[in-house]
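Trainee: need the 3D shape of this:
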Amino acid sequence: MEKPKITYDEMSDTLYVSFEPGTKATGIELNEHILLRINKNKRKAVGVTFFEYSLLAQKTELGPRSFPLTGLSELSGDLRQIVLNILLTPPVSGILSVSAFTPSVVETIPITMLQPLPLATA
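Mentor: The predicted model follows:
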């Protein structure tokens, strides 16, 4: 697989990561800051867009920020499983680290953390 094309638009604070430039895709909103673009038929990632990238990449005094993947709860069971598989495998797993926050024994909230990326300013 080729290296992903990474472009940062400073004006809108948006980071675009494309694994297959020019390929049509279905957008899956993982949360208000992260849009995963996938080819549903091939069950693979086409790209990821990060809105308010500087917020996502900002470190805290405790380390990297994590964000809930709230959009997963709005997907059908089959699509949710496809998206989870895509998130947990390369190339997406090299950009987003997915884990779980468990506030109680019966509740699990999927969360993600952005891995450091080299930026190319648009």
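Trainee: which residues in this structure form strands?
Mentor: 5-9, 14-18, 26-31, 34-39, 44-51, 59-60, 63-64, 67-68, 96-104, 107-114 (DSSP state E).
Trainee: export those to TSV and tack on mean pLDDT?
Mentor: Output for the strands of the chain, formatted as TSV (pLDDT from 0 to 100):
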stretch	mean pLDDT
strand 5-9	93
strand 14-18	96
strand 26-31	97
strand 34-39	98
strand 44-51	97
strand 59-60	90
strand 63-64	88
strand 67-68	96
strand 96-104	94
strand 107-114	94
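Trainee: hey, which helix is longest across the protein?
Mentor: helix 77-87 (DSSP state H).
Trainee: picking that back up, now for the strands of the chain, which one comes closest to residue 90?
Mentor: Across these, residue 90 has its closest neighbour in strand 44-51 (9.0 Å, Cβ to Cβ). For the C-beta atoms, the positions are set from N, CA and C on the backbone; glycine is no exception.
Trainee: and the angle from that closest one to helix 77-87?
Mentor: Strand 44-51 runs at 80 degrees relative to helix 77-87, counting by axes from the mean of the first three to the mean of the last three Cα atoms, to 10 degrees.
Trainee: which neighbouring elements make contact with strand 44-51?
Mentor: strand 14-18, strand 34-39 (3 or more Cβ pairs under 8 Å, 6 or more residues apart in numbering; DSSP states H and E).
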